[in-house]
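Provided below for reference: sequence and predicted model.
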Amino acid sequence: MLSCQALRKSYVTERGEVQAVAGIDLDVEKGCYAAIIGRSGSGKSSLMAMMGGLSRPTDGTVTVDGIDIWRLSDDKLAAFRNRRIGFVFQFASLLPTLRLVDNVALPAMLGRRGDADIYGKAAMLLSRMGLRDHLDAYPSECSAGEQRRAAIARALINDPVLLLADEPTSDLDEQTEIELMDELLAVNRELGTTLLLVTHNLALAEQAEQIVHIAGGQIVEDERAS
Ligand SMILES: Nc1ncnc2c1ncn2[C@@H]1O[C@H](COP(=O)(O)OP(=O)(O)OP(=O)(O)O)[C@@H](O)[C@H]1O
Ligand SMILES: [Mg+2]
């Protein structure tokens, strides 16, 4: 489903070249929940950005659902990302001038799936995230956890095959974190969406079917529950 081969990313800075990802080979099966753990600066976000088609690798390949994504043209990659990949970042990146329901509907409008009931689906996803009463609220009127849940709903609007979540629950209270994770895991199980989660929470990582430990831009351990 997801496969990375000899993946590398280096950044050129004033201090010289930084090897953020230094040769990663990784396979994640369809429908799997995989956790990525590793210390700050170990290269997790850089890896996720390449897997999600957001940041071009310095070297290596990323295959998602049979497509070698970095060989696509920019337009095709943008369309692929919109249709097949959902992202949830650490900080909910909702557009402040749009209501929650508009934020969630937006990727489907951009994907021009004009025939479907996009707003009905956006409302359904927000309700599922416990935000039935917040459809018309603006992000500034919502708590951090509510914004994060809306960002998850937005990531799901186009039925992605792959959901990438980079510390989606950090800085939330424990109860909200548990509720958010329950939703992500329900999506993984019920819709068969492959879930990759970067987390510093070992208890969350331990529920995963695959745990990938990263240090210094490399995989130091790739454990699969049998
Ligand atoms: N745009 C950039 N330009 C230069 N260096 C970068 C850039 N982005 C990341 N780095 C460097 O690459 C390395 C890996 O960063 P990355 O953000 O992937 O780590 P991370 O594992 O996600 O860390 P954290 O847990 O703190 O989020 C770090 O040394 C970082 O300083
Ligand atoms: Mg990071």
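Yep, it's here. Ligands and ions are numbered 1, 2, ... in the order given.

which elements pack onto the helix ranked longest in the chain?
Ranked by number of residues, the top helix in the chain under DSSP state H is helix 174-191. Judged by 3 or more Cβ pairs under 8 Å, 6 or more residues apart in numbering; DSSP states H and E, the packing partners of helix 174-191 are helix 144-156, strand 162-166, strand 194-198. In short, each C-beta sits where N, CA and C put it, glycine included.

residues in contact with that helix?
31, 33, 128-130, 145, 148-149, 152, 156, 159, 163, 165, 168-169, 172, 193-195, 197, 201, 204, 207 (Cβ atoms under 8 Å, 6 or more residues apart in numbering).

same question for stretch 81-98.
52-54, 64-65, 100, 102-103, 106-107, 110-111, 138-140, 144, 147-148, 150-152, 154-156, 158, 160-168, 170-171, 193.

would you mind listing which of those are buried?
52-53, 64, 100, 102-103, 106-107, 138-139, 147-148, 150-152, 154-156, 158, 160-168, 193 (16 or more other Cβ atoms under 10 Å).

distance check, the residue nearest the centre of the chain against Met50.
Taking Cα atoms, centre = their mean, the centroid of the chain lies closest to Leu164, which sits 1.9 Å from it. Between Leu164 and Met50 the computed distance is 10 Å (Cβ to Cβ, to the nearest Å).

same question, Pro107
To Met50, Pro107 is 20 Å away according to Cβ to Cβ.

what's near enough to touch Ile157?
Ile157 sits next to Val104, Ala105, Pro107, Ala108, Ile118, Lys121, Ala122, Leu125 when contact means Cβ under 8 Å, 6+ apart.
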